[in-house]
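# below are the sequence and a predicted model; questions follow.
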Amino acid sequence: MLVLLYWGMLYFDQHGGWFSQEVYIPFRSETEVAFYQPPTEGINLGRGKAVFEANCAVCHNTDGMGKPIRRRL
């Protein structure tokens, strides 16, 4: 049981979607990616929320998850 658990942890570590240079090219680390993120301190997010709710929420819902696809038979 412990060997199986250990193997599962190794597999998840290698394929689990942590920092991957293929995804974050040209960055080499999470710290470097974080350095280029826009500042969030002192920003009023109310205006962006209002724009999203007025334009985008129609298709993407207010939670951003989107509407389920209805398939025609």
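Nice, I can see it.

# CA atoms only: put the helix or strand bottoming out on mean pLDDT in the chain into CSV for me.
Confidence across the helices and strands of the chain bottoms out at helix 30-35, with a mean of 84, counting by mean pLDDT, DSSP states H and E. Presented in CSV, the C-alpha positions along helix 30-35 are these (Å, rounded to 0.1, in the frame of the first residue of the first chain):
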residue,chain,number,x,y,z
GLU,A,30,7.3,30.8,-10.3
THR,A,31,9.1,33.8,-8.8
GLU,A,32,9.9,35.2,-12.2
VAL,A,33,6.2,34.8,-13.3
ALA,A,34,5.0,36.5,-10.1
PHE,A,35,7.4,39.4,-10.7
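
# gap between Asn61 and Pro68?
The gap separating Asn61 from Pro68 is 10 Å, by Cβ to Cβ, to the nearest Å. Backbone N, C-alpha and C define where each C-beta goes, glycine included.

# the more surrounded of those two?
More crowded of Asn61 and Pro68, by other Cβ atoms under 10 Å: Asn61, with 12 against 7.

# before we move on, back to that, the least confident helix or strand of the chain: what's the following helix or strand?
helix 46-51 (DSSP states H and E).

# immediately after that following helix, which helix or strand?
Using DSSP H and E, the helix or strand that directly follows helix 46-51 along the chain is helix 57-60.

# contacts for that following helix, please.
By Cβ atoms under 8 Å, 6 or more residues apart in numbering, the residues outside helix 57-60 that reach it are 52, 66-67.

# distance of the closest residue to Glu53 other than its chain neighbours relative to Phe27?
Once flanking residues are discounted, Glu53 sits nearest to Thr62: 6.3 Å by Cβ to Cβ, 6 or more residues apart in numbering. Separation of Thr62 from Phe27 (Cβ to Cβ): 31 Å.
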